[in-house]
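[1] Structural data only, the sequence is not supplied:
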């Protein structure tokens, strides 16, 4: 037997996997070849020491591996909504109505989007409270969300949504401007439509510039209900939609979004509609410092 053939069979000889005739040929070769005999001794020493190398993965490594591979999920009810909720140690990662998706679809899409599988776990009380507050129309000042898996632009859009005060509405064009991409209105609309954590990150506060409430993950009726809970005067919003007006003025000096906080306490009879930025510029109106409406491009 040549050295090459003997060396290829050393481990099988050690484990007893060789046929008897083949094993005997390797042993005879080892008796005559000091080089292969030395390789055989080294292999047996390594194999003997290997069990001592086994041990538990350090907890820090195990925890980090789990964070990279898994998120958690729970099911909860909030203000009549039945929800699948996914979360990581950093915060909420996804909120989906159970009526919209089966658990299998929810978990599969979560894995596709985030690269993580879901494990069932109890939703931490602070996260559950944020979902409940948002559904009740109380808003969440600082959402505890983990959106690290989203593209940078979408993360910026969602951060901008969280800056819209409760009880106020903004347009997609406003969000695009505030997010630093004023021409990306369509992309902003897509990012809002894909918002993985509705309610908590308030995409429901964004409406079409042409008027109306627009779509929502939980349906338009639920969007209206949440906005009413937040204190939005939807009667005024509907009235302005019929008049094709995006803004309002009360003093022929400033113009605002109709839900601007500076208008609270002002009666509808004191509010005058302003069709758009062009009309505001033609009338010499200045944009409100509070809600920062769009201006006519110069």
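    Thanks, I have it. Note that the structure is a prediction, hence the values are computed from the model and not measured.
[2] Going by C-alpha atoms from here, please, whenever you check contacts or count neighbours.
    Fine.
[3] Please state the offset of whichever strand or helix holds residue 72 from the chain centre?
    Element membership for residue 72 (DSSP states H and E) is strand 70-78. Taking CA atoms, centre = their mean, to the nearest Å, one finds strand 70-78 lying 14 Å from the centre of the chain it belongs to.
[4] For that strand, buried residues please.
    In terms of neighbour count (16 or more other CA atoms under 10 Å), strand 70-78 has its buried residues at 70, 71, 72, 73, 74, 75, 76.
[5] Got phi/psi on residue 118?
    Residue 118 adopts backbone torsions of phi -110, psi 140, taken as degrees, to the nearest 10.
[6] from memory it sits against residue 68, does it?
    No. Taking contacts as CA atoms under 8 Å, residue 118 lies outside contact range of residue 68: 11.5 Å.
[7] the more surrounded of those two?
    residue 118 (19 against 14; other CA atoms under 10 Å).
[8] Pairing partners for the more buried one in the sheet, please.
    Listed by DSSP bridges, the beta-bridge partners for residue 118 are residue 71.
[9] any weak-confidence spans in the stretch 1-150 of the chain?
    52-60, 62 (pLDDT under 70).
[10] And the strands in the stretch 101-250 of the chain?
    Along the stretch 101-250 of the chain, counting by DSSP state E, counting those that start in this stretch, strands occupy 117-120, 170-171, 206-207, 247-249.
[11] Run through the neighbouring helices and strands of the strand holding residue 72.
    Packing partners of strand 70-78 (3 or more CA pairs under 8 Å, 6 or more residues apart in numbering; DSSP states H and E): strand 81-87, strand 117-120, helix 125-135.
[12] Show me the contact partners of it.
    82-88, 116-123, 131-132, 135-136 (CA atoms under 8 Å, 6 or more residues apart in numbering).
[13] If any of these are buried, give me the PyMOL selection for them.
    Command for PyMOL that selects the buried part of those, burial taken from 16+ other CA under 10 Å:
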select buried, resi 83+84+85+86+87+88+116+117+118+123+131+132+135+136
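[14] need the contact list for residue 27.
    Residue 27 touches nothing, counting by CA under 8 Å, 6+ apart.
[15] any idea of the mean pLDDT in stretch 173-184?
    If you average the pLDDT over stretch 173-184, you get 95.
[16] distance between the ends of that stretch?
    8 Å (CA to CA, to the nearest Å).
[17] before we move on, what about stretch 277-290?
    16 Å.
[18] Kindly report the same for stretch 14-28.
    Stretch 14-28: ends 15 Å apart by CA to CA.
[19] doesn't residue 289 fall inside a helix?
    No. Under DSSP: H, G, I helix; E, B strand; the rest coil, residue 289 sits outside any helix and is assigned coil.
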